[in-house]
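Participant: need coordinates for the following:
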Amino acid sequence: MGVEQVTVKKSDSDMRLDRWFQKYYDLNFTQVQKKCRKGEIRINGKRIKGNERISEGMVIRIPPLDKKTDFSQNKVYNPNDAELIKNMVIYKDDDIIAINKPSGIAVQGGTNTTKHIDHLTRYLHRDNQDKPRLVHRIDKDTSGVLILARNRQTATELTGLFKHKKIRKVYWAVVVGEPEMDKGTIQVPLLKKNISGQEKMIPDEEGKNAITEFEVLQRMGGVLTLVALYPLTGRTHQLRAHMEYMGTPILGDGKYGGKKSFISNEAHTKKMHLHARLIDMGKINIVADISGHMLETFKMFNVVQQKYFDEVFKDL
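Facilitator: Down below sits the predicted model:
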């Protein structure tokens, strides 16, 4: 198939360009961005970024691609993948689905990443409707609540609410060492830099404003501490960078904590201990239980997560 010029339909108006390509061509965000940078994808003959929104009547230049097969007619069905994503669901109604994402599964695809949440959501679609849409993201190695929109209107509304911090998030983290205070606020600007071949967020006055409130839930034998984290801004790796700045890196976070973030040879302690515990959407509060490797660490130190259940609702 050669280069195409496709006019945007009314039904696709206000959709992000990368979402449009995912719908019709099954390209992920990274692939769309790359083709936009190369000028292979254009709008009305002009270069455009992959996250910009399209509107009715725009003409999209499409490089040679294979069109996506309609899922209802697609014979490639993986029952294990279907069971995997369906077991993650912790809440659903007519507008949203909430899942408890395990650590180790990426939210979106990228180089050498074929199994990710954005791909698996096709198994949650309803008849004659598009698959659920992502409206925010959490890191691959972070577990916890992830919200999906079941229709375009809800996706637009929630994307705006997340962008303007109208939805409150609460994270739990197990950190190495003990914070000096039981609660406090970290207001340290963060700047993205390439250090030894990898991108990291580092404290820098020239960086973007970043604010995190924290509260100690349980001190664990002087070795570890369970903390609740309340991000008031949404910078990349903000919680990880702020915990390292405090001198208490997140357990298992070698990228930011280095050797200090590892305390034993137990396999479960070597994984990231950061969990999106709660999303407060006003009328709906969605809580994701701790599981997997973090639960193993809880058992080691006799942490009972139900003991702190009410803590996540503090001041909501």
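Participant: in the sheet, who's paired with the closest residue to Y171 other than its chain neighbours?
Facilitator: Spatial nearest neighbour of Y171, excluding adjacent residues (CB to CB, 6 or more residues apart in numbering): L229 at 4.3 Å. For every residue, glycine as well, the C-beta is placed using N, CA and C. Beta-bridge partners recorded for L229 (DSSP bridges): Y171, F214.
Participant: ok, L229 - how many residues close by?
Facilitator: Under the neighbour criterion other CB atoms under 10 Å, L229 is assigned a count of 24.
Participant: quick one: it and R168 touch, right?
Facilitator: No: between L229 and R168 there is no contact, the gap being 11.8 Å when judged by CB atoms under 8 Å.
Participant: check contacts around the residue nearest to Y171.
Facilitator: 170-173, 212-214, 239, 243 (CB atoms under 8 Å, 6 or more residues apart in numbering).
Participant: export those residues to TSV and tack on neighbour count and distance to T269?
Facilitator: Output for the contacts of L229, formatted as TSV (neighbours: other CB atoms under 10 Å; distance: CB to CB, whole Å):
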residue	neighbour count	distance to T269
V170	25	23
Y171	23	19
W172	25	16
A173	26	14
T212	23	23
E213	16	26
F214	26	21
L239	27	19
M243	28	16
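Participant: how about those residues, which pair is most distant?
Facilitator: Within these, two members stand farthest from each other by CB to CB: V170 and M243, at 15.0 Å.
Participant: now do the strands in the stretch 201-316 of the chain.
Facilitator: All strands of the stretch 201-316 of the chain, identified by DSSP state E, counting those that start in this stretch, fall at 211-220, 224-231, 274-280, 285-287.
Participant: looking at those strands, which is closest to S103?
Facilitator: strand 274-280 (8.2 Å).
Participant: show me how far the longest helix seen in the chain is from its chain's centre.
Facilitator: In the chain, ranked by residue count with DSSP state H as the criterion, the top helix is helix 152-163. Remark: helix 152-163 is offset 15 Å from the chain centroid, using CA atoms, centre = their mean, to the nearest Å.
Participant: check what contacts it and list those residues.
Facilitator: Contacts of helix 152-163 (CB under 8 Å, 6+ apart): 14-15, 95-96, 130, 133, 135-136, 147, 149, 166-167, 234, 281.
Participant: buried ones in it?
Facilitator: 152, 154-156, 158-159, 161-162 (16 or more other CB atoms under 10 Å).
Participant: among the contacts of helix 152-163, which ones are buried?
Facilitator: Using 16+ other CB under 10 Å, the buried ones in the contacts of helix 152-163 are 15, 96, 130, 133, 135-136, 147, 149, 167.
Participant: could you list the low-pLDDT ranges of the stretch 201-316 of the chain?
Facilitator: Scanning the stretch 201-316 of the chain for pLDDT under 70 picks out 305-316.
Participant: burial of Y245, as a residue count?
Facilitator: Y245 has 18 neighbouring residues, counting by other CB under 10 Å.
Participant: hmm, P179 and it touching each other?
Facilitator: No: using CB under 8 Å, Y245 is not in contact with P179; the gap is 11.5 Å.
Participant: model confidence for the residue of the chain most remote from its centre, exactly?
Facilitator: Distance from the centre of the chain peaks at G2, with 34.9 Å (CA atoms, centre = their mean). Note on G2: pLDDT of 73.
Participant: from now on call the first residue 646
Facilitator: Will do, 646 is the new start, and the previous item becomes G647.
Participant: in which helix or strand would I find it?
Facilitator: G647 is part of no helix or strand when elements are defined by DSSP states H and E.
Participant: what residues are up against it?
Facilitator: So G647 contacts P709 (CB under 8 Å, 6+ apart).
Participant: endpoints of stretch 873-893, how far apart?
Facilitator: 13 Å (CA to CA, to the nearest Å).
Participant: what segments of the stretch 796-945 of the chain are helices?
Facilitator: Here the stretch 796-945 of the chain has its helices, by DSSP state H, counting those that start in this stretch, at 797-808, 883-890, 899-902, 937-945.
Participant: just give me the neighbour total for the closest residue to M865 other than its chain neighbours.
Facilitator: Sequence neighbours aside, F946 is the residue nearest to M865 in space, at 4.2 Å (criterion: CB to CB, 6+ apart). When neighbours are counted by other CB under 10 Å, F946 registers 15.
Participant: touching, F946 and G866? I think so.
Facilitator: Yes: taking contacts as CB under 8 Å, F946 lies within contact range of G866: 6.4 Å.
Participant: isn't V648 right up against I705?
Facilitator: No: in terms of CB under 8 Å, V648 does not count as a neighbour of I705; the distance is 10.9 Å.
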